[in-house]
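[1] the following block contains a protein sequence and its predicted model.
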Amino acid sequence: MIGYISLTILFVLLAALGTGVWISFGLYIVGLVALAIFKNMPIDLLMGQLTWNVSTTPELIALPMFILMAEILFRSKLSSSLFSGLTPWTTRLPGRLLHVNVLGCTLFAAVSGSSAATTATVGRITMTELLSRGYDKNLAMGSLAGAGTLGFLIPPSIIMIIYGVLAEASILRLFIAGIIPGLLLAGAYVGYLAISATLKAEVVPGEKLKFTWRERVLALRHLGPVLFLILVVIGSMYGGYASPSEAAAVGVLGAMLISALQGTLTWTNMVDAAFGAIRTISMIGLIIAGANFLSRAMGFLGVPRAISAEIAAMDLTPFLLIALLLLFYMILGMVLEGLSAIVMTLPITLPLILQAGFDKIWFGVFLVIVVEMAQITPPVGFNLFVIQGLTGEKIGRIAWATFPFFLIMVAMVFLIALFPGIVTYLPSVVSFKG
Amino acid sequence: MRFLTIFDTVSRWIAGLAALLVFGIAALIISEVIARSVFSASLSFAWEYAAYFYGCAVFLGAAYTMRTGGHVRVALLRGTLNTRGQHIMEIAATAVGAAFSIYLAFAMIQFALRSYSRGSTSPTIEATPLAIPQGVIALGATLLALQMVVRLIRLFAGEPAEDDAIREKYTVE
């Protein structure tokens, strides 16, 4: 019986998504069809109740706040101030300005919850600057695509909020757990860029910018706005003064303040930011509602339990299980956008992974890195699209330039699988509110 | 079919309302933070209303997001088809989407009406009549269903299904 149900679900899902039915609708439809065939219950009432419940979950309030904040910052001058503030500090590193993408994204990721927003905001200035100065195009594009994904891993993070709600895990714990892996990943990118620049001198142009230490210190004032926001958003959460939603709302105010100081808080910018935000909020909100409905429908039908039992019977070692899941998500991530891939599979994979003895928070961070990989794998990868918009290059070329950074992420996944402490240590020692 | 643009205008105005709700969430939560930290008083309604605002914003913005191509989809088989095949598949996907969104609108309307007839209120001090926010969500779902039907009509008439001018404007998703 469970075999028929699983096959039906898989078939309807493939048919709906393959023909281009919208993902949010597709998730609802699969749940609807499965319940209609295999269960005798008032589906319309269930749909109403579940949609209402998940769409008014207090934890999700952080979502529209972080999205609005990113839209406001995208229209401010934050990206050029990041560039001015970081440039003098890169001149001594091998690879020099190539590092601004990684450093800029790492800083911006600490105020932004989305990787496409991070890529777009940081890349807006850095791409033009790097290319006009004659830096290697592949490394410039690759490092932006790779580092842009830090938007999801370094808190705040939209994916972590959604995972936290669907998996019933603490969002704040997830946020804290992302810090060390995020910084490690950024460090690995910096290392890769430095090694590339040492091995191949031609990736860096001859032009040498000179800065005195006085100029370097003075340049830090450009980083003031972003550091202020990091302090407001992250500081208030970790200091125990605010929940993620509260920190996000205060972040919106902070973003408007910065925008006002930089002279970009115009009516047009605010209207554009508002409509841009509502498009993302609505898109993600419907996907969450559809995923929640499908997840509950599968629960009613007993699918996750049955599949977990099947996999448990195969007696895989935990490490092999992780390797298989990684492969599974890598393939899925090529054709699906990362968020959809996660919400669609979570009802099956979460019970599986918990049963194998992994930690919920650890799995959340694993999934976030996997989503990041999906962001940069063709044919469907949002970061690649953003960079295509910035440079006009072909997706294939951008993806190839990004490939080394993709491999670094794969290595990162194995690292946290071998040493789970990288993820679980920080949340276990930091005390915080709810 | 010029008259169809009326649906776009309505969708955009309602999305504007949704955007105001998003700013409203920020205002509510910030007020609550200030009330708690400065006056050590809690605005009990802030969280409850902010949650309603979020749900309503998602649904009120849905039709506009559809018209401007903001809802994500994967069309794996699309690249393998010629223009005519793509058009047929687009019509099929839109028909399925329209049928489902009508069902969803029906479910949300029925859900709101049930709360209304039972007089359900939220289990908080505010005792908000739940039919109000549920009714707003039902309205958003209905607009989305209408926009899907309009999309189907446009496809049959050979008009562009999405407003690309707006889609181009927003690169951040």
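    Okay, I see it. On a predicted model such as this, the values are computed, not experimentally measured, just so you know.
[2] going by C-alpha atoms from here, please, whenever you check contacts or count neighbours.
    Will do.
[3] contacts only, for the closest residue to chain B within the stretch 201-350 of chain A.
    With Cα to the nearest Cα, the shortest gap between the stretch 201-350 of chain A and chain B falls at residue A:282, namely 4.2 Å. Neighbour list for residue A:282: B:57-59, B:61-62, B:65, B:71 [criterion: Cα atoms under 8 Å, 6 or more residues apart in numbering or on different chains].
[4] surely residue B:69 meets residue B:163?
    Yes. Counting by Cα atoms under 8 Å, residue B:69 touches residue B:163, with 7.3 Å between them.
[5] let me know the secondary structure of the most centrally placed residue in chain A.
    Nearest residue to the geometric centre of chain A (Cα atoms, centre = their mean): residue A:152, 2.6 Å. Secondary structure assignment for residue A:152 (DSSP: H, G, I helix; E, B strand; the rest coil): helix.
[6] likewise the one 3 residues further on?
    Residue A:155 carries the three-state label coil when classified by three-state DSSP.
[7] now residue 31: which helix or strand?
    Let's take chain A. If you go by DSSP states H and E, residue A:31 is part of helix A:23-38.
[8] ah, I was thinking of chain B
    Going by DSSP H and E, residue B:31 is part of helix B:5-38.
[9] quick check: mean pLDDT across that helix?
    The average pLDDT within helix B:5-38 is 92.
[10] which elements pack onto that helix?
    helix A:62-74, helix A:244-261, helix A:267-301, helix B:44-60, helix B:62-67, helix B:131-157 (3 or more Cα pairs under 8 Å, 6 or more residues apart in numbering or on different chains; DSSP states H and E).
[11] let me have these in JSON lines, extended by distance to residue A:147 and mean pLDDT.
    Output for the helices and strands packed on helix B:5-38, formatted as JSON lines (distance: least, Cα to Cα, whole Å; pLDDT from 0 to 100):
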{"stretch": "helix A:62-74", "distance to residue A:147": "17", "mean pLDDT": "93"}
{"stretch": "helix A:244-261", "distance to residue A:147": "22", "mean pLDDT": "93"}
{"stretch": "helix A:267-301", "distance to residue A:147": "22", "mean pLDDT": "92"}
{"stretch": "helix B:44-60", "distance to residue A:147": "30", "mean pLDDT": "94"}
{"stretch": "helix B:62-67", "distance to residue A:147": "28", "mean pLDDT": "95"}
{"stretch": "helix B:131-157", "distance to residue A:147": "36", "mean pLDDT": "95"}
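[12] quick one, which of the ones you listed is nearest to residue B:7?
    Among the helices and strands packed on helix B:5-38, the nearest to residue B:7 by Cα to Cα is helix B:131-157 (6.9 Å).
[13] chain center to that closest one, what's the gap?
    Offset of helix B:131-157 from its chain centre (Cα atoms, centre = their mean, to the nearest Å): 8 Å.
[14] could you do stretch B:45-52 as well?
    That offset, for stretch B:45-52, works out to 18 Å (Cα atoms, centre = their mean).
[15] contacts for that stretch next, please.
    Stretch B:45-52 is contacted from outside by A:55-58, A:60-61, B:24-25, B:28-29, B:31-32, B:126, B:133, using Cα under 8 Å, 6+ apart.
[16] ok, residue A:280 - how many residues close by?
    25 (other Cα atoms under 10 Å in any protein chain shown).
[17] who's in contact with residue A:305?
    With Cα under 8 Å, 6+ apart, residue A:305 has these contacts: residue A:351.
[18] please, which helix or strand holds it?
    Using DSSP H and E, residue A:305 falls in helix A:303-313.
[19] quick revisit: okay, the angle between the helix holding residue A:31 and helix A:267-301?
    Put simply, helix A:23-38 runs at 20 degrees to helix A:267-301, going by axes from the mean of the first three to the mean of the last three Cα atoms, to 10 degrees.
[20] and helix A:23-38, what's its mean pLDDT?
    On average, helix A:23-38 scores 92.
[21] report the buried residues of the longest helix along chain B.
    Criterion DSSP state H: the longest helix present in chain B is helix B:83-118. Within helix B:83-118, the residues that count as buried by 16 or more other Cα atoms under 10 Å in any protein chain shown are B:86-87, B:89-98, B:100-113, B:115-116.
[22] mind giving me the packing neighbours of that helix?
    helix A:23-38, helix A:43-55, helix B:131-157.
[23] who wins for proximity to residue A:376 among those helices?
    Across these, closest to residue A:376 is helix A:23-38 (Cα to Cα), at 19.4 Å.
[24] close to chain B, is the closest one?
    Yes. Helix A:23-38 lies within reach of chain B by Cα under 8 Å from any Cα of the partner chain, at A:23-25, A:29.
[25] now the angle from that helix to helix B:83-118?
    70 degrees.
[26] list the contacts for residue 131?
    No chain specified, so I'll use chain A. Counted by Cα under 8 Å, 6+ apart, residue A:131 has contacts A:137, A:140.
[27] should've been chain B
    With Cα under 8 Å, 6+ apart, residue B:131 has these contacts: B:112-116, B:119-120.
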